[in-house]
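S.K.: the following block contains a protein sequence and its predicted model.
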Amino acid sequence: MKILVPDTIELNLADLTTSGDHPVVYAVDEPIPAEHRDAEVLVVWRNTPENLSDAAEELPKLRLVQTLAAGPDSVLAAGFAETVAITSGRSLHDGPVAEHALALILATIRRLDVLLESQKDAVWNAPYNAAQSNPKTEQLYTLDGAHVTIWGFGSIAGRLAPLLAALGAKVTGVANSKGERYGFPVVSTEELPEVLRTTDVLVSILPATSETTDSLNESILRALPDTAVFVNVGRGATVDEDALLAALQEGRLRAAALDVTKEEPLPSDSKLWDAPNLIITPHVAGNRPKGSARLVTANVTALKEGHPLTNQVAG
């Protein structure tokens, strides 16, 4: 079985090679070479939309597309035939994204952006020191006792929530259905507005779908206390950026941190760059899909043996 492997990551597929499969490295920003259009498996990581569209049109024998991204939205949008199985990289990014989310949460809560600006100006920020230690405001500067709401409670949240709880936070998840996941209470999406009234930190790990576009809108932002902070490590498409910008400019949101934006790279003329109390990182929460080779090997093996595929989202 020919397996197209992206040139954006090194994968040890020795077990597949030993069993007679043929991995071939391809460029993710160019059309698939004619001699490799007989491939049955396509592994995707940081591919251009043009490359994916070309693959969808020009690989007639394709049976499986394995994306290493947690969110398969770009692959689903490429137009692959319904007969082609599509599997996501769910769980590959749990650790790195949870780490980055925690870093952004702590940075916004402790207002490290303010302190870094003071450092650049060689200023010992006495007003910050006073606010951080004032009994009336000190709760704003700690996760101990904070109410953290995680919107999109999947496997990444399963890694993040215990880290927050270890620092004393009270974690509530939000998902399509209520219940308990990973030992934490989860409410339904319909209950979100009520939960937001007592939320200190709102973390979005929502995927990009037609249903989640602009989920963080003006209505949701107005339901939050003006002392709350917002962190997005999910997808940029889920945030109404104009509404977020207005909330920050008007002081209806204490601070925010974005690892993802609607347009990436974020244009230099975007108003988000100059938004008050906003931390921006360049979509670096993941970037290290751990266990990729194991997942590719397992799914190729399952495909050949007719067994269920891991993380199948289509096909």
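M.R.: Perfect, thanks for sending it. Residues are numbered from 1 along each chain as shown.

S.K.: in stretch 190-198, what counts as buried?
M.R.: 192, 195, 196 (16 or more other C-beta atoms under 10 Å). Heads up, the C-betas are built off the backbone N, CA and C, glycines and all.

S.K.: let's have the residues you listed in a markdown table, adding distance to residue 172.
M.R.: Formatted as a markdown table, those follow (distance: C-beta to C-beta, whole Å):
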| residue | distance to residue 172 |
| --- | --- |
| 192 | 10 |
| 195 | 6 |
| 196 | 10 |
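
S.K.: centroid residue for the protein?
M.R.: In the chain, the centroid-proximal residue (C-alpha atoms, centre = their mean) is residue 234; its distance is 3.0 Å.

S.K.: which SSE is that one in?
M.R.: For residue 234, there is no host helix or strand (DSSP states H and E).

S.K.: residues touching it, list them.
M.R.: Residue 234 makes contact with 71, 152, 204, 205, 206, 207, 208, 260, according to C-beta atoms under 8 Å, 6 or more residues apart in numbering.

S.K.: I'd guessed the first one sits against residue 236; true?
M.R.: Right, the one you point to is residue 71. No - in this structure residue 71 lies outside contact range of residue 236 using C-beta atoms under 8 Å: 10.9 Å.

S.K.: need the overlap of contacts for the two.
M.R.: Common neighbours of residue 71 and residue 236 (C-beta under 8 Å, 6+ apart) are residue 208.

S.K.: neighbour count for the two, which is higher?
M.R.: residue 71 (23 against 17; other C-beta atoms under 10 Å).

S.K.: what about the helices in this structure?
M.R.: With helices called from DSSP state H, the chain shows them at 14-18, 49-58, 73-76, 94-109, 112-120, 126-133, 155-166, 192-196, 218-223, 241-249, 292-305.

S.K.: could you list the low-pLDDT ranges of the stretch 51-200 of the chain?
M.R.: Low-confidence segments of the stretch 51-200 of the chain, defined by pLDDT under 70, are absent.

S.K.: picking that back up, ok, so of the buried residues of stretch 190-198, who is nearest residue 136?
M.R.: residue 196 (22.7 Å; C-beta to C-beta).

S.K.: residue 28: what's it in contact with?
M.R.: Residue 28 neighbours (C-beta under 8 Å, 6+ apart): 6, 7, 8, 44, 45, 46, 47, 48, 51.

S.K.: can you tell me which of those residues are buried?
M.R.: The buried subset of the contacts of residue 28 (16+ other C-beta under 10 Å) comprises 6, 44, 45, 47, 51.

S.K.: list the contacts of the closest residue to the second one other than its chain neighbours.
M.R.: In other words, residue 44. Of all residues not flanking residue 44 in the chain, residue 67 sits nearest, at 4.2 Å (C-beta to C-beta, 6 or more residues apart in numbering). Taking C-beta under 8 Å, 6+ apart, we find residue 67 in contact with 43, 44, 45, 74, 75, 86, 87, 88, 89.

S.K.: most neighbours, which of these?
M.R.: residue 43 (30 neighbours).

S.K.: ok, now how distant is that residue from residue 6?
M.R.: Relative to residue 6, residue 43 is positioned 6 Å away (C-beta to C-beta, to the nearest Å).

S.K.: cool, and residue 118?
M.R.: Applying C-beta to C-beta to residue 118 and residue 6 gives a distance of 43 Å.

S.K.: same question, residue 14
M.R.: 18 Å.

S.K.: for residue 289, same thing?
M.R.: 11 Å.

S.K.: got it, and residue 295?
M.R.: 14 Å.

S.K.: kindly report the same for residue 262.
M.R.: 25 Å.

S.K.: got the buried residues for stretch 141-150?
M.R.: 141, 142, 143, 146, 147, 148, 149, 150.

S.K.: from residue 8, how far out is the residue nearest to residue 44?
M.R.: With C-beta to C-beta as the criterion, residue 67 and residue 8 are 12 Å apart.

S.K.: quick check: neighbours shared by the two?
M.R.: residue 45.

S.K.: now the nearest residue to residue 131 once chain neighbours are set aside: phi and psi?
M.R.: Excluding the flanking residues, the one nearest residue 131 by C-beta to C-beta, 6+ apart is residue 137, at 5.2 Å. Main-chain dihedrals, residue 137, degrees, to the nearest 10: phi -120, psi -10.

S.K.: wait, residue 137 touches residue 128, no?
M.R.: No - here residue 137 does not reach residue 128: they are 10.6 Å apart, not a contact under C-beta under 8 Å.
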